[in-house]
Structure formats: C-alpha cells, structure tokens
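Colleague: okay, sequence plus prediction incoming.
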Protein chains: 2
Amino acid sequence: MRNIGRLLPMRASPREVLEGAAVHLQNGVVTWVGLDQDIPTGTEYPEFNADGRVVIPGFVDPHTHLVWAGTRRAEFVARLAGETYDGGGITTTVAATRAASDEQLFALAADRGRRMIANGTTTVEIKTGYGLTPEHELRCLDVIARLGTELPWNVEATYLGAHVLPGGRDRSEYVDEVVATIPDAAARGARWVDVFCDEGIFTLDETRRILLAAGDSGLGTRLHAEEIAHTGAADLAAELGCASADHLEHVTAAGARAMAAAGVVGVLLPTVTLSLRTFAFDQYAVLRDAGVPLALATDCNPGTSWCESMPYVVQLACLVYGMPVHEALWAATRGGAAALRRSDVGRIDLGARADLAVLDTEHEADLVARLGGPGNAATVIGGRVWPSPVGRTVVL
Amino acid sequence: MRNIGRLLPMRASPREVLEGAAVHLQNGVVTWVGLDQDIPTGTEYPEFNADGRVVIPGFVDPHTHLVWAGTRRAEFVARLAGETYDGGGITTTVAATRAASDEQLFALAADRGRRMIANGTTTVEIKTGYGLTPEHELRCLDVIARLGTELPWNVEATYLGAHVLPGGRDRSEYVDEVVATIPDAAARGARWVDVFCDEGIFTLDETRRILLAAGDSGLGTRLHAEEIAHTGAADLAAELGCASADHLEHVTAAGARAMAAAGVVGVLLPTVTLSLRTFAFDQYAVLRDAGVPLALATDCNPGTSWCESMPYVVQLACLVYGMPVHEALWAATRGGAAALRRSDVGRIDLGARADLAVLDTEHEADLVARLGGPGNAATVIGGRVWPSPVGRTVVL
C-alpha cells in the first residue's frame, strides 16, 4: 500500500506517525514499513493507493455479544422515559435467541459482522450468553466458529454462560451447570470464559469458582466488572490474572492499581454509558492514572449498545473521556490486542498480520473534529482488501 | 411512494404513525397520504418502493455555518487537553475563508451539502459569519445563494456579520458597519439576520440595535443565545419576536417562559455540547417544561460541530437529553420548519413540499437503539429521489 498520508503503526508509541508512508504486505503479513520515498527498488505494490489517507492497524474489538435474535426497542424507549438498567432485559433476548434457528442466528450475526468489517474491524471477540442452557450456549459457540470461517476476520470465542441467572433456576445449580459446561465449550472453540460479575448478577464467589474452572480447562479469563455498582470485581480480575476487566464505571483507585499491577487490561465501553444515560465517564481518568493498559470496544449487543462501528467508539471516547486521539486509536487497536493477549494484530510492524484500516480522512484529529464521522474508507485483512471497497466511503 | 413500513407524517401529533402506508407526490408536492391498501384505483406510483422502511419528512436543519475554508483540528486537540471554548477560534476560520476563492468556498460547502442531503436533509439554513467585512460577508451570501440553486434542497440564507468582533476593530464602529450592511445583505438573498449574543461576544444592546435594523429592512431575526453564559439573550429574543433562539445551554426558566409566550422556537444543538465537553444537557427539560417549541440542528461549523448528519443529531438528542424519539424527530422536521417560519416543509400532508427522508430501519426507535446508526436510505426532494440513491445505505 502506497501514498499513505499519515501512517500510525502503533509500535512503540501511540504518537508515532510516518507522513508519506508505504507498507508492503505479503503472504498475509507485513513485510516492510517505511516512507514512500524509501521503498526498495523493484518492490511491487500492486494492491492499493491510500490516496493520502490515514492508515492504522485494523481495529481490534475485544468485547462483543454479536450472536442474538430479536430486538429490545421497548427497553430503549423506556430508558428515555427514565427507567434504569438492571440487566433484566437480557432474558428478552434469551427467549428470542433460543427460538431462532442456527441459520437465522448466523445470518443475523453475519450481517452485523460485515458492517463491522466495513467499519474497519479486523479482529473481534464474540461472547455467547443468550442461550443460558448448555445446549443453546454450545450452539452459539458453533455460530461463532462459523463467523470466524465464513467471514474474513479473526474471531476469538468466549463462553459467557454466566451472563445472567436464567429465570426459575437455582443459583447454585446454575453455577454448577456453567462449570460443568466449560470443557465442552473449550471443545467447541471457546478460548475464553467471561462472567458478568456485578450487583444482582453473579457474586464474587460464584465468579471465582467459574473462572478457576476455566483455568483448569486451559481457557483464558475475562470479566464484566464494576458496571452496575462497585463490587470488588476489578480486584478479583487482578487476583485471578484475567486478561481483561470490562466496563469499570464504578472502579476505585485501589481496584485500578490492582489491575495495573497484575497486567489486567481495562476495556472501556463508552457507548454503553451513553446508552444507559448514567454519564459516568470518570473511570477513564481513574484507570489512566493507575497505569492500567486500556482498550476500547463496541460491546455490540441488543440491550445497551447495538453499535457496529469502532470509529464511532473512538470518537465518542475522545469526547466523553477527554481521551487524546492517539491514545484512543491505540486502545482501539494495540490495546484490544493486549486485551485478547494477541501480539500478531493491533500493530503495523514486520511479521504482524496484514490487517489495516484506511480512515476516510487526511488527519486522525478529524475523528474528533467531525462529529458522526469520518468513516472507514477500506479494510485490509490478511493483505487483501475486503470486500474490495477501494474508494468506497462509509459516511458515519 | 409505496410499501412504507411506518410513516411519521408530523401533522397534528409527533406520535401519529401510519403502518403500511403510501404517499402520492405530484408536481413537487404531496397529493395523497394514506394506507397502502387504500390507494385510489388508477393512481400511479412509479417512483419508489420504501421496502418497509420508516419514512418521515425530509430533515429541516435550521442552524448551520456551512460556508468556510480551513480546519480547526488544533483547537479540537487542545480541547481534549482541557482548554475551554471562548469563540476565539472563529478568527482562524475567518482568515482561511477570506483567503479562499469563491469557487473554493462553493466547492467545500457543496461537498458538505451533498453529504447532508444524502443523510436526509432537504431544507437548510446557512449563515455567513466567517467573512466579517462587508465585502467578504456579501461574497459568502453569494455562495449561499449558489448552494440553493446548484443543489436540489431548500436554502434559507442568514446574514451573521455579528458572529464575533474582528481583531483590531472598534466595537461601536463594527456594529455600525454590520447595521449598514443589512440592506445589501437583503439584496444579496439574506432572509434572516442573526447575532452571536453572549458573554464576551456581542452585548444585549448591540444585539438589539442590529436586530431592530434587520426588521427595518424586512428581514426576520434569530439569535445565538445563552451558550457561553446566561446573559438574558433568551428574553431579548422574546422581546424582539425572533423566530428562534439557539444553543440555550444557560437558559433560565424565566427566559424559557418568555420564549414560550412570544412563540420563539428553541433550537437545540446537542453536538456542540458534546464537542465542547461541558455536559450541559439540562436546557432541554427547562425549555420543554416551559412549553417552548423545539427544533434540532447540526450547527455544522468547523470549530464546535463539524456535523453533516441530522440522524446523528436526533440520536444524540435522545441519548443526552432523554428526549423521546418521536419528539426528537418532530424537532428535526416540523420544529425546524417552525424555526424558519416555513409551513411548506417539515410535514407530510396535502400541499406540503414532497420532501421525504427514508430511514434505513423498520422502526424509528432504532434511531436510539442502534448507536452510530441507522442512516438514511434515500432522500426525496420536490418529489424526486436525489441523487437517486434507491437502495443505497448510508452506514452511520
């Protein structure tokens, strides 16, 4: 790819910018990065002219719930009328998801996934959590596996049987069932186990039990933490060595320090805060000041964040948190990779995957300056432009 | 147009919805509105199948500063670092605008305008205010007039010579010059005069003088009011019978009651509040409770709101103000028309202009539920689909 106006490779520093740059991609990996004028003689660059645009690593979205059926419109309308979120709406989606066929679930999620890819996402984490029986949870893992093979992006599958306690189930028996399902989940492609550990959802003890079982099955762990209330879930994530703790609206400075010491990535989900209308935006500064490595994600889900656009998340993060643009872009690429413990994505460097997002602007500051835009002009995954949208403009 | 899933005509009530509707458009106006099944025999509907989507009146955007050159990226980056807005950045844009040719100014504004139309805007108000000499202000009015003739939408031109006091000018002499320019502005197509009446910008007395002169020249009046601080500008708008008072972050309940009594429309600009990071969202409730008719606008400008999407504004308004979706859509159509004292736009009814926005969703609640989307699928202006984007999806 030649004629890159500003290349942000996300190598050693978020602020590194190469003006007038080029990258060479071969066999799905990055084989050369430098200034356009320094391209070695004889090198062929057939694939793409960035036309002066900003190029960054493809977005890494480390927190989504992409597999669902049904809508939660009524819940959104109620929220505008002043009702608060208690996680109860999840059961609405569970009923619709159980009723949908495998083919319907795949088609719905694939539509969302294609829009995400068009918006520049090249690596995505996808959770189960709307099945809530072993049968339906494992079926959702099959859909997630299919999303990884039939769409060109990189998919990380997470088993979230402990999303919410299903109606009519005994707490202790349900946790037993989740624990017992973990080996099957691993066999069906899950790499991670997640728990919604929060006030009124799952307790610290229940969460600890599930995540320790995950470790026994060789799976990595992550947490929904401190979203509804401060519970100490951030400290638990540090204690258990989770790859990430996500949400964190109610994290304390002590919890943040524990995360930083344990290397737990803090995944910020600004669209959820906007959607829930709590205006709780202080967690960014708490986490930053404690030195917690940060990521940004869409949390794409039907109840609190039906969002398929990482550029939108980056823009919102800058505006609501006061996050510098380069820090937000790092969190949306390299930070997401850290949250998924991936070193092959989220950066443009020799040997990294050839996954790029070509932003439809000449300067990355326009991600803040232009409200509701700019979008992603093209997405490159594994060295291929997909779905060959050269010159296509996604108007945010 | 047939097969409209949900038609929101914005006639007597924001909440009127016709499910399974059709409209007939002829000679640029609406000639029939009803249920698809009730279409009179023999009527031809050749132009468009809405494919079950939501159809509303074309958006009426009653507050934009579309004619400018240059960028204000540095100002955005500084704001993330904690600097506050004092209007000073306007002078940066004035220098770039004065330096640009007429052709450059038109081309830049027309690009923005075409994106606005693609996003569903069919009527727009455009202000001068980056010239700030009689010569450059009148030149900008010529550009605005050309935007009205070369693009298919309806344009309302506003003379905003009193946008900010140009550097090095004496206050009193500059206000004299603005007043003296008003008749020329009217001759060059201005229908409105606006003043940025706020702390550190123009005083109440200066504003009164300018707006009284506007009335003498037969022009309507509107105000930038109560954005930076509470000054009493809302009361002044009521006293002078302005068509609208815009911004209003610092309006008081008394000011709002005065506006309501005088029929002054309150124009809300949520993107500006987001961009300025003041999180001052209380004005909606103050204005609503006083019974002020409301409109929404992009305030498209390079410093505080480079936004070309009314669907984005509607979504943001719902989320930050807690505005019901139907109220927000009314404010973005019928409310904008009221702010511009137009009865021919902003509603889908017999005799109204055939201006429609076809939203890319089956339910208007998705304007809140789907963060960063949905976009506008097609725009109809004067009965014509423009630029014939049938089936085109603008991904927000």
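Modeller: Sure, I can see it.
Colleague: pull the contacting residues for A:V67.
Modeller: Going by Cβ atoms under 8 Å, 6 or more residues apart in numbering or on different chains, A:V67 touches A:97, A:105, A:108-109, A:126, A:128, A:130, A:140, A:143-144, A:147. No exception for glycine: its C-beta is placed from N, CA and C like everyone else's.
Colleague: so of these, which ones are in strands?
Modeller: Mapping the contacts of A:V67 onto strands (DSSP state E) picks out A:I126.
Colleague: would you map the strands across the stretch 251-396 of chain A?
Modeller: Taking DSSP state E, counting those that start in this stretch as the test, the strands found in the stretch 251-396 of chain A are A:265-268, A:294-296, A:306-307, A:356-359, A:370-371, A:376-381, A:384-386.
Colleague: so can I have a markdown table of the ones you listed showing mean neighbour count and mean pLDDT?
Modeller: Formatted as a markdown table, these follow (neighbours: other Cβ atoms under 10 Å in any protein chain shown; pLDDT from 0 to 100):
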| stretch | mean neighbour count | mean pLDDT |
| --- | --- | --- |
| strand A:265-268 | 30 | 98 |
| strand A:294-296 | 29 | 98 |
| strand A:306-307 | 28 | 95 |
| strand A:356-359 | 26 | 94 |
| strand A:370-371 | 24 | 90 |
| strand A:376-381 | 25 | 89 |
| strand A:384-386 | 17 | 78 |
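Colleague: CSV for those strands, including distance to B:V33?
Modeller: Output for those, formatted as CSV (distance: least, Cβ to Cβ, whole Å):
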stretch, distance to B:V33
strand A:265-268, 46
strand A:294-296, 45
strand A:306-307, 31
strand A:356-359, 42
strand A:370-371, 34
strand A:376-381, 39
strand A:384-386, 43
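Colleague: could I get these as JSON lines with distance to chain B?
Modeller: What follows is these, written out as JSON lines (distance: least, Cβ to the nearest Cβ, whole Å):
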{"stretch": "strand A:265-268", "distance to chain B": "15"}
{"stretch": "strand A:294-296", "distance to chain B": "13"}
{"stretch": "strand A:306-307", "distance to chain B": "4"}
{"stretch": "strand A:356-359", "distance to chain B": "14"}
{"stretch": "strand A:370-371", "distance to chain B": "4"}
{"stretch": "strand A:376-381", "distance to chain B": "9"}
{"stretch": "strand A:384-386", "distance to chain B": "16"}
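Colleague: A:A81: neighbour count?
Modeller: 8 (other Cβ atoms under 10 Å in any protein chain shown).
Colleague: who's in contact with the closest residue to A:L274 other than its chain neighbours?
Modeller: Spatially, and ignoring its direct neighbours in sequence, A:L274 is nearest to B:L319 (5.3 Å; Cβ to Cβ, 6 or more residues apart in numbering or on different chains). By Cβ under 8 Å, 6+ apart, the residues touching B:L319 are A:274-275, A:277, B:368.
Colleague: can you check A:I39 too?
Modeller: A:2, A:22, A:24, A:32, A:45.
Colleague: going by distance to A:G291, which of those residues wins?
Modeller: Proximity of those to A:G291 (Cβ to Cβ) peaks at A:W32, which lies at 33.6 Å.
Colleague: is it fair to say that closest one lies in a strand?
Modeller: Yes - under DSSP: H, G, I helix; E, B strand; the rest coil, A:W32 sits within a strand.
Colleague: that one bridge partners, please.
Modeller: Note on A:W32: beta-bridge partners A:H24, judged by DSSP bridges.
Colleague: surely it and A:P40 touch.
Modeller: Yes - the pair A:W32 / A:P40 is scored as a contact, 7.3 Å apart, by Cβ atoms under 8 Å.
Colleague: who has more neighbours, the two?
Modeller: Between A:W32 and A:P40, counted using other Cβ under 10 Å, the more crowded position is A:W32 (15 against 8).
Colleague: and A:A229, how many neighbours does it have?
Modeller: 12.
Colleague: how much space between it and B:S244?
Modeller: 43 Å (Cβ to Cβ, to the nearest Å).
Colleague: quick one, what contacts A:G89?
Modeller: A:72, A:75, A:303.
Colleague: of those, closest to A:P14?
Modeller: Of all the contacts of A:G89, A:P14 sits closest to A:G303, with 31.8 Å by Cβ to Cβ.
Colleague: residues in contact with that closest one?
Modeller: Counting by Cβ under 8 Å, 6+ apart, A:G303 touches A:72, A:75, A:85, A:89-90, A:92-93.
Colleague: mind running it again at 6 Å?
Modeller: Contacts for A:G303 were tallied using Cβ atoms under 6 Å, 6 or more residues apart in numbering or on different chains; they are A:72, A:89.
Colleague: tell me the pLDDT of it.
Modeller: Looking at A:G303, its pLDDT stands at 91.
Colleague: in the stretch 151-300 of chain A, which residue sits closest to chain B?
Modeller: A:T271 (4.7 Å; Cβ to the nearest Cβ).
Colleague: which among the strands of the stretch 251-396 of chain A is found nearest to B:G168?
Modeller: Closest among the strands of the stretch 251-396 of chain A, using Cβ to Cβ: strand A:370-371, at 31.3 Å.
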